[in-house]
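Visitor: Coordinates for the following, if possible.
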Amino acid sequence: MSSLSQALTKAKEVLTATATQFHSLLHHLTATPSLTKTKQLHAHTITSGTHSRYVSSNLAKLYALCSHLQYARKLFDEMPDRKPFLYNALIRMYVNNGLPREAMHVFAEMVASGTCRPDRYTYPAVVKACSELSVVGAGVVVHGKIVVGGFRLEMFVMNGLLAMYMGFGERDMARRVFDAMQERCVVSWNTMISGYFRNGCPREALSVFGRMMNEGVVPDRATLVSLLPVIGSLKSKVLGRRVHALVEEKGLGKNLALSNALVDMYIKCGGMNEARVVFENMAERDVVTWTTMINGYILSGEQRGALALCWMMQCEGVKPNSVTIASLLSACGSLCLLEQGKCLHGWTIRQKLESDVIVVTALIDMYSKSNSLNQSFQVFVKTSRKRTVPWNSIISGCIHNSLARAAIELFKQMLVEAVKPNEATLNCLLPAYSILVDLHQTMNIHGYLVRSGFLSCIEVATGLIDAYSKGGSLEYAYKTFNGISEKDRDIVLWSVIIAGYGTHGHGKTALSLFYQMVQSGVRPNEVTFTSVLHACSHAGLVKEGLELFRFMLNDQKSIPNADHYTCIVDLLGRAGRLVEAYELIRTMSSQPNHAIWGAILGACVIHDNVELGEVAAKWLFELDPENTGNYVLMAKIYAAAGRWKDSENVVAERGGAREGGEGGGFSRVENLVGLGVAAFTRGALEPDDVGAGVEDHVEVFGGRADADADAGEVLAVALGEAGDDGGAKPGGGWAGSGAVVGEGGEGVEAEGVTAEKQPNNTTRHTLEKPKKKPYSRSDRVTELLLPLDLGGSRVGHRDLEAAAVVVTAVLHGAFERETTSCEGQVVLGGGWGEEEGVEGRGERRRVWWSRAAEERERERRRVKKLMIQNGFGIALWVKLSSQYLGLIHVSTC
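Guide: Below you'll find the model as predicted:
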């Protein structure tokens, strides 16, 4: 018996030692989960025969901690009786692995079992699952079970409820839970601060922080990291500096996350200098730090500084991520640095980031802004066509390149391919309808917005109102505006409707809407004041405009900018109060810009004020030397005063300045176009007064004009009507489309024009002092053409000739836009013949405007091939190529 007793004792000691070792190993693996060691332990329990229910339940818990869903679930299902800790482990496993629905199923099994009641460790994971599912009803039910189960005093559980309700956007419910808590920790306060900020309530978040400090709760690092974005959104640099001082006081300045938050806060508050100081004093910088600084430089308009940081970043061995690349591509797009953008594109391909949606969107945007839409399409067609964001980007790119119809066609294609648009899609698309000014198209998209429910979005409604306003339908614009509740109307919406009425000359209505906005409690911003002052200026509401300006200064305490001064100067100038306008300019604290002096010069043209016009012109020639219109306006003022020599000298001075600069000087034709327009305006030349008889060849629409052609020659060709002999006949009508004014034709001198033969066998025409004539159609044409920079180096002879012909056509009433079956075509009255050098057959022809024909043809072929290869179809290509390639059809249809 003694030997048997000794054997039993020894066996008992072995089993006790094995159980102790198992408990020790179990405790170790629970603290530091290891899937490999858990599998080894599992195998050992099987081979050693120590496998039991207790061992199985603990192994299931270990597998759950290691996120091995299959083994954990298998052991869980094999357990006949399950303990609460096993349910809790499985619920946490599912939540941590992004499977909240499965977690809720396990919780339902736990409640239905009747033997295991949820405890304080169960509910935090269940509440998180409800939050991730975004099911408010389920969250409320769980909240009820927490209250019934007596866990509302458990701070950890209540913090989970706070986070859940803030995630649902239920701020009031979160506040009730917070106020009902008998005990709060710093996590509770942090949850409320970050929750309010994520729900767009930064002031409430700041109020919670103030209450936290008043109750003596010491903020931790997480509190300050949550608070700094709040301050950044409020743009309160003063408060930001106080928090920065608090960070230094607590010795948290070396924390990387907190330093990054400080840099971001200063950037959003407009304090790039402070951000740079924090950045330079950081002992450690990660990719977030560098990306934040790059974005800061871009926001402050220093794109080149942002690109320079990229090189410094790589020197420190920090590898850019997709967000960094997107920011750098944005900088390249803003500066139109196509080559640098291509380099970044190549880098993204090598780093296998080209499929990242952020990078794809940035690439499309960069190429679009760099006027390389063809490459934007190449990037677009290689990405997934089922994602909304790339579609938004390519539509926006078409809008940026003024391809409104192409943007609309892409939107239609997007719907055909079953890609679901979002609010951003419509915000990108609606400017296309503002560009097209097509009421029928705008009404179509309006119907879609109503059916799809997007019209409830204030940004989308604002875009629709802008499209109606620019399309001339103020009635529909106001109906849409009136359909938005007063509490939802923001400053942007008010500004758009006010600008719409002001643009169409309804100054009093615009002014009435402005005061309605003020009474509703919406504070006007700089754009709103500019819109309403512009409305007063164009409606001649001098008294009202000045009162509004005083209201802006005294009541709103706003500091007027250059646009506001421009409106007031224009208002006074139109009313003939030039001295007051000039005195206002002299009282400005900053230097007046070219727009302000331009308003003065325009008023001097209307009221024939030579002295003040000379002052304004002097400043304009210095501030805006490349603007030809200023020289033409000054020439008009001199011409009106009979100072013809000074008028010629102004144009000659401009030509000499250009010859000495990079852009080269005026060509003779460019000089004469300006003088010719001035002559028309003052009545020195009328269409019926000019005949043929010039000696140099000038071909209308043919693309040729001798550089030495003078004003009489250009205007005779533009205004004459070609006869069978190739000569130009006086009288309203067109020069034949293929006609060249022949030599030896009979000339008819215009009234007020003196002809003088020159030694080089050309004729010099001198414009005499014109007779005063009433405002005519030619005056209107001149007003429309004067803003164009006809003297720019980008404008060629063909453009100038086309501009001259269009002016003449309007003078004759022969040029008008019609809605025909030929989209985008210009219909001209008058006959056409065959024309050499212009593509097309018979009555239908195409005129290339800005680029060389060969380059356009290559672009057209590339776009066609690319679009057809990727399933866009011929119809869309025709419409897109017609706009992207700048093709203008001239036809009699």
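Visitor: okay, the helix or strand Val187 falls within in CSV with CA atoms only?
Guide: In the assignment (DSSP states H and E), Val187 maps to helix 186-198. Extracted in CSV, the C-alpha atoms of helix 186-198 (Å, rounded to 0.1, in the frame of the first residue of the first chain):
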residue,chain,number,x,y,z
VAL,A,186,-11.1,63.3,-18.4
VAL,A,187,-12.2,60.8,-21.1
SER,A,188,-15.8,61.9,-20.7
TRP,A,189,-14.8,65.5,-21.3
ASN,A,190,-12.6,64.6,-24.2
THR,A,191,-15.4,62.6,-25.8
MET,A,192,-17.7,65.6,-25.6
ILE,A,193,-15.2,68.1,-27.0
SER,A,194,-14.2,65.9,-29.9
GLY,A,195,-17.8,64.9,-30.5
TYR,A,196,-19.1,68.5,-30.8
PHE,A,197,-16.3,69.3,-33.2
ARG,A,198,-17.0,66.4,-35.4
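Visitor: Can you name the secondary structure element that comes next after it?
Guide: Assigned by DSSP H and E, the successor of helix 186-198 is helix 202-214.
Visitor: number of nearby residues for Lys420?
Guide: 11 (other Cβ atoms under 10 Å). Where you see a C-beta, it was placed from the backbone N, CA and C, and this is true even at glycine.
Visitor: a strand runs through it, doesn't it?
Guide: No - Lys420 sits outside any strand when classified using DSSP: H, G, I helix; E, B strand; the rest coil, being coil.
Visitor: That one: what's its closest spatial neighbour, skipping adjacent residues?
Guide: Nearest residue to Lys420 in three dimensions, chain neighbours excluded: Thr388, at 6.4 Å (Cβ to Cβ, 6 or more residues apart in numbering).
Visitor: For that neighbour, what are phi and psi?
Guide: phi -70, psi -40 (degrees, to the nearest 10).
Visitor: Show me the shaky parts of the protein.
Guide: 1-24, 26-28, 49-54, 654-893 (pLDDT under 70).
Visitor: Can you list the residue ranges for strands in it?
Guide: 698-699, 704-705, 721-722, 728-729, 753-757, 763-767, 815-816, 825-828, 839-841, 844-847, 888-891 (DSSP state E).
Visitor: could you give the angle of the helix holding Val187 to helix 202-214?
Guide: Angle, helix 186-198 to helix 202-214, by axes from the mean of the first three to the mean of the last three Cα atoms, to 10 degrees: 160 degrees.
Visitor: Could you list every helix and strand in contact with helix 186-198?
Guide: helix 155-168, helix 171-180, helix 202-214, helix 221-234 (3 or more Cβ pairs under 8 Å, 6 or more residues apart in numbering; DSSP states H and E).
Visitor: Can you check which of those helices gets nearest to Pro33?
Guide: Comparison of the helices and strands packed on helix 186-198 against Pro33 by Cβ to Cβ identifies helix 155-168 as nearest, at 21.4 Å.
Visitor: then the closest one to CSV, C-alphas only?
Guide: Extracted as CSV, the C-alpha positions of helix 155-168 are listed here (Å, rounded to 0.1, in the frame of the first residue of the first chain):
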residue,chain,number,x,y,z
MET,A,155,-18.4,55.5,-16.0
PHE,A,156,-16.7,53.3,-18.6
VAL,A,157,-20.1,52.2,-20.0
MET,A,158,-21.5,55.8,-20.0
ASN,A,159,-18.4,57.0,-21.9
GLY,A,160,-19.2,54.5,-24.5
LEU,A,161,-22.8,55.8,-24.8
LEU,A,162,-21.4,59.4,-25.2
ALA,A,163,-19.2,58.3,-28.1
MET,A,164,-22.1,56.3,-29.6
TYR,A,165,-24.6,59.2,-29.6
MET,A,166,-22.0,61.7,-30.9
GLY,A,167,-21.3,59.2,-33.7
PHE,A,168,-25.0,59.2,-34.5
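Visitor: how about it: buried residues?
Guide: 155, 157-168 (16 or more other Cβ atoms under 10 Å).
Visitor: which other helices and strands contact that helix?
Guide: Checking 3+ Cβ pairs under 8 Å, 6+ apart, helix 155-168 ends up next to helix 122-133, helix 136-148, helix 171-180, helix 186-198.
Visitor: Test my guess that Val278 contacts Tyr266.
Guide: Yes - the criterion here is Cβ atoms under 8 Å, and Val278 meets it with Tyr266 at 6.6 Å.
Visitor: who has more neighbours, those two?
Guide: Using other Cβ under 10 Å, the more surrounded residue of Val278 and Tyr266 is Tyr266, with 27 against 23.
Visitor: residues in contact with that one?
Guide: Lys237, Gly240, Met272, Glu274, Ala275, Val278 (Cβ atoms under 8 Å, 6 or more residues apart in numbering).
Visitor: would you turn those residues into JSON lines with distance to Trp597?
Guide: Shown next, in JSON lines, are those (distance: Cβ to Cβ, whole Å):
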{"residue": "Lys237", "distance to Trp597": "35"}
{"residue": "Gly240", "distance to Trp597": "39"}
{"residue": "Met272", "distance to Trp597": "31"}
{"residue": "Glu274", "distance to Trp597": "36"}
{"residue": "Ala275", "distance to Trp597": "36"}
{"residue": "Val278", "distance to Trp597": "42"}
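Visitor: Out of these, which comes closest to Ser434?
Guide: Nearest member of the contacts of Tyr266 to Ser434, counting by Cβ to Cβ, is Met272, at 33.8 Å.
Visitor: Tell me, how many residues neighbour that closest one?
Guide: 18.
Visitor: now swap in the one 4 residues further on and tell me
Guide: In terms of burial, Arg276 registers 17 neighbours under the definition other Cβ under 10 Å.
Visitor: next one: Val492
Guide: Residues near Val492, counting by other Cβ under 10 Å: 15.
Visitor: Equivalent analysis for the one 10 residues further on, please.
Guide: Using other Cβ under 10 Å as the criterion, Gly502 is surrounded by 26 other residues.
Visitor: Leaving out chain neighbours, which residue sits closest to it?
Guide: Nearest one to Gly502, counting by Cβ to Cβ, 6+ apart, is Ala535 at 2.6 Å.
Visitor: give the contact list for that neighbour.
Guide: Ile498, Ala499, Tyr501, Gly502, Thr503, His506, Gly507, Ala510, Leu511, Leu541.
Visitor: quick one on the thing from earlier: give me the subset of the contacts of Tyr266 that lies in helices.
Guide: Lys237, Gly240, Met272, Glu274, Ala275, Val278 (DSSP state H).
Visitor: related to what we said a few turns ago, any chance of a ChimeraX selection covering the buried ones in the contacts of Ala535?
Guide: In ChimeraX, this line selects whichever of the contacts of Ala535 come out buried by 16+ other Cβ under 10 Å:
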select :498,499,501,502,503,506,507,510,511,541
